[in-house]
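**Student:** here's a sequence, model it:
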Amino acid sequence: MDAVKTVFAATARILVLVRTNAGSAQNLAMRLHHAHLHMTPKRDSAQKSHAVCADSTMTNQNDEALSQFITEQIVTEDNNNINDAAEWASQTKRKRRAYSIQEKVEILDFAKKSSIHAASRHFGIDRNTVRDWKKQEANLRIRRLALHSAVIPGGTTKYIQAPDVCWNAPFKEAIRKLYNDWMAHGEKATTSGGNLKAPQMEVYLEWIANAWDSLPKQMIADSFLTCGITKEEKGRHDDKIHVFKPDGAIPNGLALLKQRRQEEEVLKMVEEIDLGEDESDEEIDVEVS
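**Tutor:** Predicted structure coming up:
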């Protein structure tokens, strides 16, 4: 009987392999045949005649037992697979969590110093997730600093971008003067053919730093007001907006802006009056009832 159970177990295992695409019908037939040859006990001619009836009875019993055993093995295997899948999904779900902006930036900084693969292993995060964060790095750093970004439409920088309006020109002019001074009095290297080499990096970086320091701080501060960039909500600095100047792009813009502000104030007052009337009506209804 133990030998029969062994055959049953082998058969069940083969069927499971077939169900999971690990084998084929031909492979199943070959394994069943070899298992039967190895596990069936040998009989001499005298025993064969006495065992015919017993074999026919045992065959039916064995077939039923085989069918039941195989079914149990397959069900057990399927349950194990389901449990394994559920456990894997549970572990995966536990590992996934929401990361703050601060944590994302720290992970990106770690990836810069080492690699995305190293950051993935160190923090236990999928590499594709780190790559996605890297694509959003600029936005993440802006949000970390609590800054609000705005897109300047093409062709409008000369009207609303502070550097273009106010200090790009004096900044570049200061660099140009330093360059001309270097050309006239500085030490310059030449190529083997006698051509003048470009200035070294430390030389022109010093020009840039000196040119920036030459700009008055008040010019930088006023450049934002000139472009209408301010926290004031009541139009305190509207007269400083350069496009509203008599020679600006919108000379009547200041009057239009003041008119629009007055209209908004009137609408706001009307809404407040309506809200007050609604509240008083509710109080009257309560007293009457």
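
**Student:** what segments of the stretch 101-250 of the chain are helices?
**Tutor:** Using DSSP state H, counting those that start in this stretch, the helices found in the stretch 101-250 of the chain span residues 101-113, 116-123, 127-135, 137-144, 157-160, 162, 168-185, 201-213, 217-226.

**Student:** and the end-to-end length of stretch 117-136?
**Tutor:** 18 Å (C-alpha to C-alpha, to the nearest Å).

**Student:** and what of stretch 237-257?
**Tutor:** End-to-end distance of stretch 237-257 (C-alpha to C-alpha): 12 Å.

**Student:** quick one: mean pLDDT for it?
**Tutor:** For stretch 237-257, mean pLDDT rounds to 89.

**Student:** of the helices of the stretch 101-250 of the chain, flag the one that's most buried.
**Tutor:** helix 162 (a mean of 19; mean count of other C-beta atoms under 10 Å). For the C-beta atoms, the positions are set from N, CA and C on the backbone; glycine is no exception.

**Student:** okay, Leu257 and Cys227: tell me how far apart.
**Tutor:** Per C-beta to C-beta, to the nearest Å, Leu257 is found 14 Å from Cys227.

**Student:** could you do Ile116 as well?
**Tutor:** 39 Å.

**Student:** before we move on, the earlier item: between the helices of the stretch 101-250 of the chain, which one is nearest to Gly253?
**Tutor:** helix 157-160 (10.7 Å; C-beta to C-beta).

**Student:** alpha carbons only: can I get that closest one in PDB?
**Tutor:** What follows is helix 157-160, C-alpha atoms only, in PDB (Å, rounded to 0.1, in the frame of the first residue of the first chain):
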ATOM      1  CA  THR A 157       9.800  88.300 -20.600                       C
ATOM      2  CA  LYS A 158      10.600  91.900 -21.600                       C
ATOM      3  CA  TYR A 159       7.400  92.900 -19.800                       C
ATOM      4  CA  ILE A 160       7.100  90.800 -16.700                       C
END
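
**Student:** that's all I had, so thanks and see you.
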